[in-house]
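below is the sequence, then the predicted model.
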Amino acid sequence: MTSIATLDVAELVAEVARLKAELLTAQLYIEKLKENQRKALLEKYGARGESLSSLQLQLLELEPGVHRGEVEGERNQPAPAAAKPGTKSKSRPHPGRQELPAHLPRREEIVAAPREQRTCKSCGGDTAVIGYDESTRLAEIPKQYYVRVIKREKRACPCCRHSGVRTAPAPPSIVEKGLLDDSAIIGVLVRKYADHVPLYRQSEILSRDSGVEISVATLDGIVMQVGQMLIPVVEHMRREILGSGYVQADETPVPVQQGPGGGKGKHHQAYLWQYSAPGGEVVFDFRMGRGREGPARVLKDFTGILQTDGYTAYDQCGGGGVRRAACWAHARRGFVEALKLHPDDRDSEAVLRLISELFAVDAEAREQKLDHEQRRLLREERARPALAQLFTLLQDLQTRALPASALGKAVAYTLTLWERLTLFLEHPRLELSNNLAENSMRPVAVGRKNWIHVGHPAAGPRVAAIISVIESCRRLNIPVRQYLADTLPGMQRRSHRQLAELTPKAWAATHA
């Protein structure tokens, strides 16, 4: 009887263990379904959700290159912790009335006092002007088009009838014998690739405001000519960036109207790959796909630090000695997503607090304008201990979080790239995030919604060249119209050596 009872107890214990395991699996599955449901609701109704905590907003603002729109966009995320009772939130002081730039021309208008104010109420005499109550407003003059008439002198000797007639040479222009002046061509380029106004709208605006009919095909042909001119300049920019020893890379989709095997109207998903050096120029490379061939070709001779997200297409790119660095902003987003799905998740909150410490260290270094060696010492003192705490916490979460959950995925992503994420301790010039590169993609994303697509695969490299130049001017704080006016006219006649002196970086150096 004892052996039978013992056997029954053993079976019962095993059955209980099995049921507990099934219950745990079911609970985890239910939790995953709830997470997916909340994620779908947040994606659909996120704009009406809770505000993101000051912790997350401060974290975003500490990152170099984070656009204010990204901070605003994150405000729909839930707060990780409620404010303590009795504490008052700090309100920012009102900045006051904005001062308009001094370089703008001023046009004064004097508003005369009405007749009843010109007579003194006491004695009936005339009042005198003793001053003015002055206010300033930004005004606008509608764009004016005009016809530029170029008259080149024709000269001949009145005494020597057989000496012939000589005509003054034509000034260099962007498109020779074209209908549009250089200023109009530059306007078309800036409006399309900086202001994101598609060519068909520009054609309509030109017709409406000036009565001049210029077809979209004509404007497109001019844009493509300029793009072809800029390709050699961008090639020099690419060599400078790769020679810097530190490259940030990213990619973004761009539709092409005519795919490799399709006719008109059949869109193909192409990509613009971005390569840049922090604080320097940026170049875009057009590729018909997102495969490894693109970065492998561009980076084939690169040696140095390559910072990207976790996309595997960048693996094994470059020459010997390439060190791969990852992006803390990408790692952080997974935990922000987990906290968004589970507002009471203290684990995600703890991870984000530690990540915020890393960005706070670099923010302090930038504020104090520390050099690379000073930045390295500051990171050793404060960032390394925070990383040690973070690594311990992530290892613990790896054993507790459901692998398929948002938190589990964020933990796995961060630990997989841990060596790349911590490379910044060895290299003080390395930024924590790839956000500077991502910010360079924003104009493409905005433009994609307006000019919709690239018309043909052959147009891709020319479009990439124009975007490279205009985005580099923005990053270097160069007046893009002035740069294009100084470099584009006569560019097709310049030597290869002269083109190297026309990059935005070189132009900025000579116009400092």
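Ah, there it is. Numbers count the residues shown, from 1 in each chain.

only the buried residues of stretch 177-185, if you could.
Of all the residues in stretch 177-185, those buried under the rule 16 or more other CB atoms under 10 Å are L180, D181, D182, A184, I185. Yep, even glycine has a C-beta here, placed from its N, CA and C like the rest.

which ones are touching the third one?
With contacts defined as CB atoms under 8 Å, 6 or more residues apart in numbering, D182 is in contact with S173, I174, A485, L488, P489.

where does the nearest residue to the last one once chain neighbours are set aside land in three-state SS?
The one in question is P489. The spatially closest residue to P489, leaving aside those adjacent along the chain, is P172, at 4.2 Å (CB to CB, 6 or more residues apart in numbering). The assignment at P172 comes out as coil when based on DSSP: H, G, I helix; E, B strand; the rest coil.

give the contact list for P172.
P489, G490, R493.

can you list the residues you listed in a markdown table and add neighbour count?
Conversion of the contacts of P172 to a markdown table gives the following (neighbours: other CB atoms under 10 Å):
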| residue | neighbour count |
| --- | --- |
| P489 | 18 |
| G490 | 14 |
| R493 | 9 |
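
select from these every entry located in helices.
Counting by DSSP state H, no part of the contacts of P172 is found in helices.

now intersect those with the strands, please.
Assignment to strands by DSSP state E places none of these there.

could the residues you listed go into a markdown table alongside pLDDT and distance to L199?
Formatted as a markdown table, the contacts of P172 follow (pLDDT from 0 to 100; distance: CB to CB, whole Å):
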| residue | pLDDT | distance to L199 |
| --- | --- | --- |
| P489 | 92 | 22 |
| G490 | 89 | 25 |
| R493 | 86 | 27 |
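
these into JSON lines, with extra columns for distance to T119?
Shown next, in JSON lines, are the contacts of P172 (distance: CB to CB, whole Å):
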{"residue": "P489", "distance to T119": "62"}
{"residue": "G490", "distance to T119": "67"}
{"residue": "R493", "distance to T119": "72"}
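
ok, the residues you listed vs A360, which is closest?
Distances from the contacts of P172 to A360 were compared by CB to CB; the smallest belongs to P489, at 48.2 Å.

shaky segments in the stretch 1-150 of the chain?
Counting by pLDDT under 70, the stretch 1-150 of the chain contains low-confidence ranges at 1-7, 24, 27-29, 31-32, 34-97.

quick one, helices of the stretch 151-300 of the chain?
Listed in chain order, the helices of the stretch 151-300 of the chain (DSSP state H, counting those that start in this stretch) span residues 182-193, 199-210, 216-242, 293-298.

can you tell which of the ones you listed is closest to R152?
Comparing these against R152 with CB to CB, the closest turns out to be helix 182-193 (16.3 Å).

report the angle between that closest one and helix 199-210.
With axes from the mean of the first three to the mean of the last three CA atoms, to 10 degrees applied, the angle from helix 182-193 to helix 199-210 works out at 130 degrees.

centre-most residue in the protein?
Central residue check for the chain by CA atoms, centre = their mean: the C-alpha nearest the mean position is that of N439, 1.4 Å away.

mind putting the helices of the stretch 151-300 of the chain into JSON lines with distance to Y311 and mean pLDDT?
Written out in JSON lines, the entries for the helices of the stretch 151-300 of the chain read as follows (distance: least, CB to CB, whole Å; pLDDT from 0 to 100):
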{"stretch": "helix 182-193", "distance to Y311": "26", "mean pLDDT": "93"}
{"stretch": "helix 199-210", "distance to Y311": "32", "mean pLDDT": "90"}
{"stretch": "helix 216-242", "distance to Y311": "19", "mean pLDDT": "94"}
{"stretch": "helix 293-298", "distance to Y311": "9", "mean pLDDT": "92"}
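
of all those helices, which one is nearest A139?
Taking CB to CB as the criterion, helix 199-210 is the member of the helices of the stretch 151-300 of the chain that comes nearest to A139, at 18.3 Å.

so which elements touch the closest one?
For helix 199-210, the elements it packs on are helix 182-193, helix 216-242, judged by 3 or more CB pairs under 8 Å, 6 or more residues apart in numbering; DSSP states H and E.

6 Å instead, please
Packing partners of helix 199-210 (3 or more CB pairs under 6 Å, 6 or more residues apart in numbering; DSSP states H and E): helix 216-242.
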